[in-house]
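[1] Mind looking at a prediction? Sequence and model below.
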Amino acid sequence: MQMKSFSPGRVASPPVQITKTEGEPLDPVVTPDGKTVIFAAGKSRPLTRELHRVGIDGEDQVQLTDRVVNYSWHPSISPDGEKIAYVVEKEGKSDLQVMNLDGSGNVNLTNTNKGYWYPSWSADGKWIATTSRDTRGGNLEIVVVAADGSEKAQVTDLGLNTDMPTFAPDGAHIVFGLAPGFGAPILSSIKRDGTGFRTYANDLVLMSRPTVAEDGRIAFSASARDGRTGIYQVQLNSDEQAKLLVDADTAFSPQFSPDGEHLVYSASTESGMQIFEANSDGTEPRALTKGEGFKSAPAYVAGGESVVFTSYQDGEKEVYRVDLQ
């Protein structure tokens with residue numbers, strides 16, 4: 001099924017390439033001031049990933065990490081824009097580390113080598129939520145770590161595997177995927193103190209990291225029983241049925257705009273995966289990109305007036321930016 005007909009919403013400028021890498025960039029995230037993009041990139045042989053920084057205009061690209069490990073990846077920028085939380089991983093074992101935006105002052109917050117992934121900062125910058133095997137039962141549980149490394153607490157104790165945690169803007173809730181073993185995950189949430197656990201839309205399989213608006217709306221990519229992957233919405237702490245926002249054959253990686261009025265995501269078209277923007281209720285979808293290739297991982301720039309994303313075409317993958325008017 002094709003996307004619903006487009007409505008003339010905000011118009012995107014032609015994409016501007018802002019990275020130049022020898023590897024494939026992943027996980028682009030933008031600083032709160034909108035001036036800098038942090039991303040992971042590396043080679044397939046040998047398999048490596050290092051963190052890099054580049055200006056939103058494509059200037060001053062710098063490699064921030066240089067370690068003899070498989071991965072430095074999963075960057076997450078603190079709310080004040082001064083710190084980067086990220087994962088250093090080798091052979092499936094990893095730790096949560098933090099450094100300054102310029103790559104200085106690196107600190108290993110966990111130093112157990114037991115496995116930490118997908119860091120997400122609380123709105124006050126005091127806590128970092130992760131999914132970790134450094135737990136009582138050895139399962140992948142939600143673990144929060146103080147930003148200075150002084151405290152660590154296991155939030156879930158479900159005996160199941162968690163994935164893709166995201167702090168809600170209220171700082172009290174963490175939204176994540178929950179799965180038996182490595183089975184199909186479902187959308188879930190819990191309070192940082194370990195209370196208030198609940199699941200949502202149990203008939204849908206969570207496919208990518210959820211996004212949470214200031215008012216508690218959760219948008220997430222999920223697969224239905226017919227195999228189609230769309231964008232859905234539920235309200236935090238609500239029993240309401242999930243609302244289908246984007247009806248596409250495949251749609252991933254939704255993110256609310258800073259004001260919560262728009263939603264950006266990647267979706268399949270006849271020419272490949274493209275970046276789309278819609279109103280936050282899914283109405284008036286419009287393509288921000290076109291042409292051949294695979295575009296993914298969209299992220300709003302501060303103010304919501306630009307979007308960065310990765311694009312893979314003709315054997316090369318880089319980070320691009322489009323400006324919205």
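    Nice, I can see it. Residues are numbered from 1 along each chain as shown.
[2] Report the contact partners of the most centrally placed residue in the chain.
    Geometric centre of the chain, nearest residue: Arg209, 5.4 Å, by Cα atoms, centre = their mean. Residues counted as contacts of Arg209 (Cβ atoms under 8 Å, 6 or more residues apart in numbering) are Tyr118, Met164, Thr166, Ser253. C-beta here means a position set from N, CA and C on the backbone, and glycine is covered the same way.
[3] for Gly55, same thing?
    Contacts of Gly55 (Cβ under 8 Å, 6+ apart): Ile18, Lys35, Thr36, Val37, Gln61.
[4] mind running it again at 7 Å?
    Counting by Cβ atoms under 7 Å, 6 or more residues apart in numbering, Gly55 touches Lys35, Thr36.
[5] Packing partners of the helix or strand containing Leu263?
    In this structure, Leu263 sits in strand 262-269 according to DSSP states H and E. Judged by 3 or more Cβ pairs under 7 Å, 6 or more residues apart in numbering; DSSP states H and E, strand 262-269 is in contact with strand 243-246, strand 251-256, strand 272-279, strand 294-300.
[6] same thing but at 10 Å, please
    strand 211-212, strand 217-223, strand 229-235, strand 243-246, strand 251-256, strand 272-279, strand 294-300, strand 306-313 (3 or more Cβ pairs under 10 Å, 6 or more residues apart in numbering; DSSP states H and E).
[7] What count of nearby residues applies to Arg198?
    Per other Cβ atoms under 10 Å, the neighbour tally for Arg198 reads 13.
[8] cool, Thr112 as well?
    Residues within reach of Thr112, counting by other Cβ under 10 Å, total 16.
[9] Relative to Pro258, how far out is the nearest residue to it once chain neighbours are set aside?
    Leaving aside its sequence neighbours, Thr112 sits nearest to Asp134 (Cβ to Cβ, 6 or more residues apart in numbering; 5.1 Å). Separation of Asp134 from Pro258 (Cβ to Cβ, to the nearest Å) stands at 33 Å.
[10] who's more crowded, those two?
    Between Asp134 and Pro258, counted using other Cβ under 10 Å, the more crowded position is Asp134 (21 against 17).
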